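Participant: Turn this into a model:
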Amino acid sequence: MKKINLAITGCLGRMGQQLIKSSKNNKDFKIVTLTESKIVAKKISGVKVELNTVNAFKKASIIVDFTVPKCTLQVLKIASRLKKRVVIGTTGFSKKEENLIKKFSKKIPILKAGNMSLGVNLLTYLTEIASKSLNNNFLSKVYEVHHKHKKDHPSGTALMLGRGIANGKNKNFYSLIGKKYLNKKTFPYGKKINFNSIRKGNVIGEHEVSFSSGKEIITLNHESFDRALYSEGALAASKWLMKKKPGLYSMRDLLNFK
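Facilitator: Predicted coordinates:
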């Protein structure tokens, strides 16, 4: 089988480095492009680090992007012009930016996920089922912990879980977003979905969804121990996306959760 020519953006970041490591161990991929937001005079695994430009992405079949929203949109603009597929693991998009991604997906295949882990996507699916099954007497909240370097909060995964709660109730997610807390020891349930984000140490990722009626509490949770979970998931998504037509896909489509 011919290898898939892979471009990795943000190649010097935590996920960029992990993606390089995982793709070197994956027989389906060949790294042809590595990019960063600033010029870096070095090569990684024999590949020169470049800026996000048309020329940089020309030889790639698919681009995997774990950066920041501004960079992701820049990459999508170039990818759209070149008709390249893109897997997005970046989080922290505004509603306006989410809509821009949808517009780009009419021209190219895009798979976007706040988390590439099988377990987290299963957790989101179970959250939706629980939310749908429980009546309106149950209030909900989402708790997440990440390393001290993570800038956005709530995390993309926490927002995925919040969306799962909203989808279960058949309600608009943005209308259900409640208060967003940072580094609080405790935080309340609400009629809207409250979020609490903890930033400490080198924690890779912990997520918890809780539903409470006041008489009982139902909790669903997931803990990540290895960042390879995300890079391997992103590569699986890349391979799957190679056969897809333009559109906006998620890990749920890949995993065939109904």
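Participant: Which stretches in the protein count as helices?
Facilitator: Secondary structure of the chain (DSSP state H): helices at 14-24, 54-57, 69-82, 95-104, 118-133, 156-168, 173-176, 228-241, 251-255.
Participant: Mind checking those for the one nearest to residue 199?
Facilitator: Ranking the helices of the chain by proximity to residue 199 (C-beta to C-beta) places helix 156-168 first, at 12.4 Å. Any C-beta I mention is one placed from the backbone N, CA and C, and that applies to glycine too.
Participant: for the record, mean pLDDT for the closest one?
Facilitator: The pLDDT scores in helix 156-168 average 94.
Participant: Now do that helix: everything it contacts.
Facilitator: Helix 156-168 has contacts (C-beta atoms under 8 Å, 6 or more residues apart in numbering) with 90-92, 113-115, 120, 123-125, 127-133, 140, 142-144, 154, 172-173, 175-177, 193, 195, 197, 205, 207, 209.
Participant: Mind checking which residue lies nearest the centre of the protein?
Facilitator: In the chain, the centroid-proximal residue (C-alpha atoms, centre = their mean) is residue 114; its distance is 2.3 Å.
Participant: residues in contact with that one?
Facilitator: Taking C-beta under 8 Å, 6+ apart, we find residue 114 in contact with 91, 155-157, 159-160.
Participant: Over to residue 208?
Facilitator: Applying C-beta under 8 Å, 6+ apart to residue 208 gives the contacts 142-144, 219-222.
Participant: For residue 15, state which of these is nearest.
Facilitator: For the contacts of residue 208, the minimum distance to residue 15 (C-beta to C-beta) is 17.0 Å, reached by residue 144.
Participant: So that closest one versus residue 170, what's the distance?
Facilitator: 24 Å (C-beta to C-beta, to the nearest Å).
Participant: care to break this protein down by domain?
Facilitator: Per automatic domain parsing, the structural domains of the chain span 4-112+227-255, 118-224.
Participant: roughly how far is the longest one from the heart of the chain?
Facilitator: Yep, that's domain 4-112+227-255 we're talking about. Counting by C-alpha atoms, centre = their mean, to the nearest Å, domain 4-112+227-255 is centred 12 Å from the centre of its parent chain.
Participant: The shortest one too?
Facilitator: Put simply, domain 118-224 sits 15 Å off its chain's centre (C-alpha atoms, centre = their mean).
Participant: neighbours around the residue lying closest to residue 229 once chain neighbours are set aside, how many?
Facilitator: Of all residues not flanking residue 229 in the chain, residue 117 sits nearest, at 4.6 Å (C-beta to C-beta, 6 or more residues apart in numbering). Residue 117: 20 surrounding residues under other C-beta atoms under 10 Å.
Participant: isn't residue 117 right up against residue 228?
Facilitator: No - in this structure, residue 117 is not within contact of residue 228 by C-beta atoms under 8 Å, at 10.1 Å.
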